[in-house]
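K.L.:
Requesting a structural model of the entry that follows:
(4 chains)
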Number of protein chains: 2
Amino acid sequence: MTPAPRRGRRPGDPGETRRAILDAARDEFAASAYDGATIRAIAERAGVDPALVHHHFGTKEELFVAAHDVEAIPASVAAAMAAGRGTPGERLARAYLGAMEANPNVEGLLRSAATNEHARALLRDFMQRTVFDAYQDRIGGEDARLRMGLAAAQMLGVLFLRRFVGLDALAHADLEDIVERVAPVLDLHLGDVRLG
Amino acid sequence: MTPAPRRGRRPGDPGETRRAILDAARDEFAASAYDGATIRAIAERAGVDPALVHHHFGTKEELFVAAHDVEAIPASVAAAMAAGRGTPGERLARAYLGAMEANPNVEGLLRSAATNEHARALLRDFMQRTVFDAYQDRIGGEDARLRMGLAAAQMLGVLFLRRFVGLDALAHADLEDIVERVAPVLDLHLGDVRLG
DNA sequence: CCTGGAATTCAACATGCGTTGAATACTAGC
DNA sequence: GCTAGTATTCAACGCATGTTGAATTCCAGG
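P.N.:
This next block holds a predicted model:
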């Protein structure tokens, strides 16, 4: 009994439609990665014609970039870290693993980075410029970036096996349980981090 | 001046063509992952018509499975580990990281597991049945599988950032350098492993 | 109230994909 | 040496995809 969708502009705020498309794109990219996600599927999820997606966001790559505005993430992670309890490693692990699991952005970006050149560049720049640069001077030593990379690798590998591969041992484990075990690794890699 | 390829069977061993196709498939899957790799590209890489790929290996999924016969990997890894030097963690790290970097199989499987359901199942089964089961009783404790998962996550995350994302700090680092830093993490996760 | 522009759908396009069936060339068993 | 089967290419089908242009409906400014 859904009334046949008619042509032409609708009454109401077009900004809402824009947001709906962005949300749909985030979810679809997270579920199927860049190459697997189709404009048609995103449009359907948003209850909209595929052509409208192009009208608002241009090409598929531009939509991907628009949907993965990662600049907002670091602030929320920093807040979670400042409010956290335990050793630096524990607070880092809880904040980052939590953020990665909660944010479809991150899942979409990671899934796509494994296959798509553009997503790869986006993730690389995000990690290097937005994350690593921010911690650079709070971590001693000349090999600071290598050690940050290894710490990131531990957390990212967990996400990979937990969400993408679905490895039983990790997929069914409690996140706090994992945090407890990942924390000492971060402390080992990073040494004494001064947070905040 | 390449002679126009003529129709019909060629003189010589057809097994060689089969092998060429398998090699091409491995490389192409490693470079572009399951969804990105096309039968046409594989065929071209092997210097062969796309239809021949189907004739020999059936559907694309069947080709993927045939190209990723991972059963042979554990044996070579075990050998590298037995001959290795250093702590258990060091030997594990060197053997597995080395094998992952040397084997296009692994790269293709990992890249594809991020997006494709079938590859995911293949990798999951490989890790659980072929790797984890083999170490199960050599590692103490009830949470052995969780700890193995975390150890695997550290190594896998390194590969992900190094090869897929191309994170500078890891991509340009010497592998032996990484081995030295990953080793204590494995020892931390796994405790005292009895190798061999 | 009228008019220019923005939002929205529809229909279609070109392209690339996995796959198939027929046609041809070689090989092995009788 | 014939004959059944296999290896190989060619041409094509059917489908899904990203993208575009025209048609229609609403909104905002004069």
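
K.L.:
what's the neighbour count on A:D168?
P.N.:
By other Cβ atoms under 10 Å in any protein chain shown, the residues close to A:D168 number 16. (Each C-beta comes from the backbone N, C-alpha and C, glycine too.)

K.L.:
Quick check: it touching B:M148?
P.N.:
No: contact between A:D168 and B:M148 fails when scored by Cβ atoms under 8 Å: they sit 11.1 Å apart.

K.L.:
on contacts alone, who are the packing partners of the worst-scoring helix or strand of chain A on mean pLDDT?
P.N.:
In chain A, no helix or strand scores lower on mean pLDDT, DSSP states H and E than helix A:73-83, which sits at a mean of 86. Contact partners of helix A:73-83 among helices and strands, from 3 or more Cβ pairs under 8 Å, 6 or more residues apart in numbering or on different chains; DSSP states H and E: helix A:88-102.

K.L.:
what's the closest non-adjacent residue to the residue nearest the centre of chain A?
P.N.:
When Cα atoms, centre = their mean is applied to chain A, the residue found nearest the centroid is A:V106 (1.0 Å). Leaving aside its chain neighbours, A:V106 sits nearest to A:M100 (4.8 Å; criterion: Cβ to Cβ, 6 or more residues apart in numbering or on different chains).

K.L.:
Also A:R181?
P.N.:
Take A:R181 and drop its neighbours on the chain: the residue closest to it by Cβ to Cβ, 6+ apart is B:L150, 5.8 Å away.

K.L.:
any idea how far A:L52 is from the closest residue to DNA strand D within chain A?
P.N.:
DNA strand D sits closest to A:G8 of chain A, with a gap of 1.9 Å, by Cβ to the nearest atom of the strand. Distance of A:G8 to A:L52, given as Cβ to Cβ, to the nearest Å: 12 Å.

K.L.:
what's the answer for A:V179, then?
P.N.:
Taking Cβ to Cβ as the measure, A:V179 falls 42 Å from A:L52.

K.L.:
between these two, who's got more neighbours?
P.N.:
A:V179 (23 against 16).

K.L.:
quick one: low-confidence ranges for chain A?
P.N.:
Scanning chain A for pLDDT under 70 picks out A:1-4, A:196.

K.L.:
got a list of contacts for the helix or strand hosting the residue nearest to the centre of chain A?
P.N.:
Assessed by DSSP states H and E, A:V106 sits inside helix A:104-113. Helix A:104-113 is contacted by residues A:26-27, A:29-30, A:32-35, A:64, A:67-70, A:73, A:99-100, A:119-120, A:122-124, A:126, A:156, A:159-160, A:163-164, B:114-115, B:164-165 when judged by Cβ atoms under 8 Å, 6 or more residues apart in numbering or on different chains.

K.L.:
From these, list the buried ones, please.
P.N.:
Buried subset of the contacts of helix A:104-113 (neighbour count, 16 or more other Cβ atoms under 10 Å in any protein chain shown): A:26-27, A:29-30, A:32-35, A:64, A:67-68, A:70, A:73, A:99-100, A:119-120, A:122-124, A:126, A:156, A:159-160, A:163-164, B:114-115, B:164-165.

K.L.:
Narrow those to those in helices?
P.N.:
The members of the buried ones among the contacts of helix A:104-113 that map onto helices under DSSP state H are A:26-27, A:29-30, A:32-35, A:64, A:67, A:73, A:99-100, A:119-120, A:122-124, A:156, A:159.

K.L.:
now A:E44: how far from chain B?
P.N.:
Separation of A:E44 from chain B (Cβ to the nearest Cβ, to the nearest Å): 20 Å.

K.L.:
quick one: secondary structure of A:G140?
P.N.:
coil (DSSP: H, G, I helix; E, B strand; the rest coil).

K.L.:
by how many degrees do the least confident helix or strand of chain A and helix A:88-102 diverge?
P.N.:
On the basis of axes from the mean of the first three to the mean of the last three Cα atoms, to 10 degrees, helix A:73-83 is oriented at 140 degrees to helix A:88-102.

K.L.:
hey, C-alpha coordinates of helix A:73-83 in CSV?
P.N.:
C-alpha atoms of helix A:73-83 as CSV (Å, rounded to 0.1, in the frame of the first residue of the first chain):
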residue,chain,number,x,y,z
ILE,A,73,36.8,10.5,15.2
PRO,A,74,40.0,11.5,17.0
ALA,A,75,38.3,14.0,19.3
SER,A,76,35.8,11.4,20.6
VAL,A,77,38.5,8.9,21.1
ALA,A,78,40.6,11.4,23.0
ALA,A,79,37.7,12.1,25.3
ALA,A,80,37.2,8.4,25.9
MET,A,81,40.9,8.1,26.7
ALA,A,82,41.0,11.0,29.1
ALA,A,83,38.0,9.6,31.0
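
K.L.:
For A:A37, grab the count of nearby residues.
P.N.:
By the criterion of other Cβ under 10 Å, A:A37 has 27 neighbours.

K.L.:
try A:A46
P.N.:
Counted by other Cβ under 10 Å, the residues lying close to A:A46 total 22.

K.L.:
Repeat that for the one 4 residues further on.
P.N.:
A total of 15 residues lie near A:P50 under the criterion other Cβ under 10 Å.
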